[in-house]
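Q: sequence and predicted structure below; questions after.
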Amino acid sequence: MLLATLLTSAVAIRSVQTAPAGRAAVKGSKPSWANQSSYVSAADANTQIGFRVYLGWNNAAGAEALARAVSDPRSSSYRQYLTPAQFRQQFAPTANQVAQVQSWLTSQGFTLVYTPKNNHYVSAQGTVGQAQAAFGTSFGMYTVKLLGLTLRSPSADVTIPSSLAGMVSGVIGLDESYYFIHTNHVVDGNSPPSAGFRNSPPLSAFFAELLTGATPVADQPPIAPGYAFPTGFTTTLGNSSVPWAIKGHTPTQVKGAYGISGFDGTGQTVAIIDAYASPTILADANQWSTNRGIPQFGTAGGGTFTQVVPPGIFNVKDNRAQVPTGWYVEETLDVEAVHGMAPNANIVYVAGPNNFQDLDSAMNHVVDMHLAQIVSNSYGFLGENLPSGFIKPFNDTFIQGAIEGIGIYFSSGDSGDETVNLGFASTDWPASSPFVTAVGGTSLGVSMTNTRVVETGWGVSSYKCNKSTLVCTRQFWQAGAGGGVSCLFSRPSYQSGLTITAGPTTQCNGFAGRAVPDIAALADANTGYLVGQTQTFPQTCNPASVMYDEFRLGGTSLSCPIIAGIMALSDQKAGFAHGFANPFFYMNPGKFTDILPVETAVARRNFVNSVDACNGTVDRLRTFNDYSGSPTQSTGPGWDNVTGLGVPNGIP
């Protein structure tokens, strides 16, 4: 198992064990990947590090119980949310407790950086050498084959003075587990956006408008009869051949498919958390809005857009460790997806200064300052293979969010059950937290009149097609919505009706863990969302240029902000914040359309150079509802581990 003990409460940590000489070990502070077989060398003692010593909530059991009560429609405390000030008074660490931690850190030579109002952590800076002396263990460099990196970690659980043991819940930043974080957007082509990306025609305006082999269509071949459906994957509309992929769904099409109408998000606020910040986001989102026929930010009916960003993050260049431009497209997708669903909602974008350890502090900032009643997060960590001392503090922040009536949404991941990456099945963190809503994904086809033609679970294999022979050969399983059973968290009460348990290919066979996802929306990059962004296009046989352009994008990074935007409409309709909405969702499954298996496929043409036809094009088929590379998943009646309860059936 990932942890030594699987507790029946929310999460396995906050346990400390006595160590020699007046010290206490913070159990779970050494990640499992830092083992003797992967040891490379000692860490450089002169390396500068920043870290956060997290303090747990006072009366943690009471805080967790209150989070459940205010979120449960059956409870007399339902929606009796606390303000941040009330939460701090009842549950936050005291000033004296913080002072003890600060005093110890300064006595060890560390420089204090920041402590938030809720006293959730004390951030500090120093060197690896200082950390080794202060925390009573050596630090080493360890090979993580999965990431192809060598990362720093304590060589054993760190220790702290026994006097601090009852208040410290974890230390984040000493090890480099944050390298496991990734965005969950998918660009189905040959390179990511921001470096320049375009979808190649043929591109349909709606599902099955254009078929491979049909004439007259520009840019054919293939000649008639076009590409055949792969074995086991068939047409849904009696098409003679595989249809071409769409240009990209618009808000009008998504709302039409889901029966969304009548509300625009007035008076609601959605926060979006990502790393870095796109320097062109407002201009891009406004141009995109104009092209979609919806109000721009700052105009009547267009809501407001605010960025909360640390200094300097607009100017961080891509490097081996960090790829800011890859996060620019994430912000673009998130902002335009929320704005498309709820155009008059206010959006607050909160940027982490890097894609590593600072996303947890960004979340704490949103929650402790109550910047919004809904938070969309389109990132996650690869599996749950993280030290428990990394997970517990983040989960505490989610508990505070629930108590304050904040609904926190996370994408479920884009690699299915992670078997293709980890060699065993696992859910992703933080989607597996029982105090967040995990959003899975679907493949969606919409008609010319904006009604649902087909929708099924998102799982995709790639087929390479020969334009002359019309033969398409399977290459690999490509992507799909994350899901499964957590090995860290037990089954929450709102999922008591589910019977799924962890299977033999997980690390906790038979465990009745928290099931992922909860709900779903459009995610498949082949049936995805049309976004607009300023990109840098390289010189080919056409001149290099920097310009605004539009392209199709997907991933559970799309389904998550779509749901966040729809929940802004739900809050507006209800006249109150639903907060942590999972108990409400599971009590009202009729508010969601159950997604069933449909095995079909679409074709797509990719520019070889990702931007134009100068270097030619290649054709590919992409399947729907294909879990050949994610063997523990399937789409079926009722809750399933790809789409959860299903997609919105109108405004929940």
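A: Thanks, I have the structure now.
Q: surely residue 347 meets residue 303?
A: Yes. The criterion here is C-beta atoms under 8 Å, and residue 347 meets it with residue 303 at 6.6 Å. Where C-beta positions appear, they are placed from N, C-alpha and C, glycine not excepted.
Q: so what sits against both of the two?
A: By the contact definition C-beta atoms under 8 Å, 6 or more residues apart in numbering, residue 347 and residue 303 are jointly contacted by 297, 339.
Q: more crowded one of these two?
A: The neighbour comparison of residue 347 against residue 303 (other C-beta atoms under 10 Å) goes to residue 347, with 28 against 25.
Q: my read is the more buried one is in a helix, agree?
A: No. Using DSSP: H, G, I helix; E, B strand; the rest coil, the secondary structure at residue 347 is strand, not a helix.
Q: that one: what's it in contact with?
A: Residues near residue 347 by C-beta under 8 Å, 6+ apart: 269, 270, 271, 272, 297, 303, 304, 305, 306, 335, 338, 339.
Q: contacting residues for the second one?
A: Going by C-beta under 8 Å, 6+ apart, residue 270 touches 338, 342, 345-348, 372, 374-376, 564-565, 568.
Q: hmm, try it at 7 Å
A: Neighbouring residues of residue 270 by C-beta atoms under 7 Å, 6 or more residues apart in numbering: 338, 345, 347, 372, 374, 376, 564, 565, 568.
Q: which stretch of helix or strand covers it?
A: If you go by DSSP states H and E, residue 270 is part of strand 269-275.
Q: which among the contacts of residue 347 end up buried?
A: Neighbour-count burial (16 or more other C-beta atoms under 10 Å) applied to those gives 269, 270, 271, 272, 297, 303, 305, 335, 338, 339.
Q: pick out the most distant pair among the residues you listed.
A: Within the buried ones among the contacts of residue 347, two members stand farthest from each other by C-beta to C-beta: 271 and 297, at 15.1 Å.
Q: about what we covered before: biggest separation within the contacts of residue 347, which pair?
A: Taking C-beta to C-beta, the two most distant members of the contacts of residue 347 are 271 and 297; they sit 15.1 Å apart.
Q: mind jotting down where the strands sit in the stretch 351-500 of the chain?
A: 374-377, 379-381, 407-411, 437-446, 452-457, 459-465, 472-480, 484-490 (DSSP state E, counting those that start in this stretch).
Q: re earlier: now render the buried ones among the contacts of residue 347 as a markdown table, adding pLDDT and distance to residue 591.
A: Compiled in a markdown table, these are given as follows (pLDDT from 0 to 100; distance: C-beta to C-beta, whole Å):
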| residue | pLDDT | distance to residue 591 |
| --- | --- | --- |
| 269 | 98 | 22 |
| 270 | 98 | 19 |
| 271 | 98 | 24 |
| 272 | 97 | 24 |
| 297 | 97 | 29 |
| 303 | 97 | 25 |
| 305 | 96 | 29 |
| 335 | 97 | 26 |
| 338 | 98 | 20 |
| 339 | 98 | 23 |
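Q: if we can go back for a sec, of the contacts of residue 270, which pair is most distant in space?
A: Across those, the longest distance by C-beta to C-beta is 12.2 Å; it joins 372 and 565.
Q: residues in contact with stretch 559-570?
A: 254, 260, 263, 265, 268, 270, 272, 334, 337-338, 340-342, 345, 374, 376-378, 407, 409-411, 439-441, 519-523, 578, 581, 648, 651-652.
Q: before we move on, back to that, top of the contacts of residue 270 by number of neighbours, please.
A: In terms of neighbours by other C-beta under 10 Å, the contacts of residue 270 top out with residue 568 at 33 neighbours.
Q: follow-up on the earlier one: nearest to residue 596, of the strands of the stretch 351-500 of the chain?
A: strand 452-457 (6.7 Å).
Q: show me the contact partners of that closest one.
A: By C-beta under 7 Å, 6+ apart, the residues outside strand 452-457 that reach it are 207, 236-237, 257, 442-447, 481, 595-598, 600, 624-625, 635, 642-643, 647.
Q: select from the residues you listed every entry located in helices.
A: Residues of these located in helices (DSSP state H): residue 257.
Q: coming back round to it: got JSON lines for the buried ones among the contacts of residue 347, with distance to residue 546 too?
A: Formatted as JSON lines, these follow (distance: C-beta to C-beta, whole Å):
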{"residue": "269", "distance to residue 546": "32"}
{"residue": "270", "distance to residue 546": "29"}
{"residue": "271", "distance to residue 546": "29"}
{"residue": "272", "distance to residue 546": "25"}
{"residue": "297", "distance to residue 546": "22"}
{"residue": "303", "distance to residue 546": "28"}
{"residue": "305", "distance to residue 546": "22"}
{"residue": "335", "distance to residue 546": "20"}
{"residue": "338", "distance to residue 546": "26"}
{"residue": "339", "distance to residue 546": "23"}
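Q: closest one of these to residue 120?
A: Nearest to residue 120 among the buried ones among the contacts of residue 347, with distances taken as C-beta to C-beta, is residue 271, at 17.2 Å.
Q: measure that closest one to residue 365 for me?
A: Note on residue 271: its distance to residue 365, by C-beta to C-beta, to the nearest Å, is 9 Å.
Q: which helix or strand contains residue 336?
A: helix 324-341.
Q: report the distance from that helix to the chain centre.
A: Relative to its parent chain, helix 324-341 has a centroid offset of 12 Å by C-alpha atoms, centre = their mean, to the nearest Å.
Q: also stretch 550-567?
A: For stretch 550-567 - counting by C-alpha atoms, centre = their mean - the centre lies 10 Å from the chain centre.
Q: before we move on, what about stretch 424-437?
A: Counting by C-alpha atoms, centre = their mean, stretch 424-437 comes out at 10 Å from the chain centroid.
Q: swap in stretch 243-254?
A: The answer for stretch 243-254 is 22 Å, by C-alpha atoms, centre = their mean.
Q: looking only at pLDDT, what's the mean for that stretch?
A: The average pLDDT within stretch 243-254 is 97.
Q: use 50 as the first number for this chain going forward.
A: From this message on, residue numbering opens at 50, which makes the last subject stretch 292-303.
Q: mind listing what residue 648 touches?
A: So residue 648 contacts 281, 282, 283, 673, 674 (C-beta under 7 Å, 6+ apart).
Q: selecting buried members of those in ChimeraX, what would you type?
A: ChimeraX command restricting those to the buried ones, with burial defined by 16+ other C-beta under 10 Å:
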select :282,673,674
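Q: the nearest residue to residue 304 once chain neighbours are set aside: neighbour count?
A: Spatial nearest neighbour of residue 304, chain neighbours left out: residue 310 (6.6 Å); criterion: C-beta to C-beta, 6 or more residues apart in numbering. If you count neighbours by other C-beta under 10 Å, residue 310 ends up with 11.
Q: quick one on the thing from earlier: run the angle between the helix holding residue 385 and strand 456-460 for me.
A: 130 degrees (axes from the mean of the first three to the mean of the last three C-alpha atoms, to 10 degrees).
Q: which other helices and strands does helix 373-390 contact?
A: strand 230-232, strand 318-324, helix 330-341, strand 395-401, strand 578-586, helix 605-623 (3 or more C-beta pairs under 7 Å, 6 or more residues apart in numbering; DSSP states H and E).
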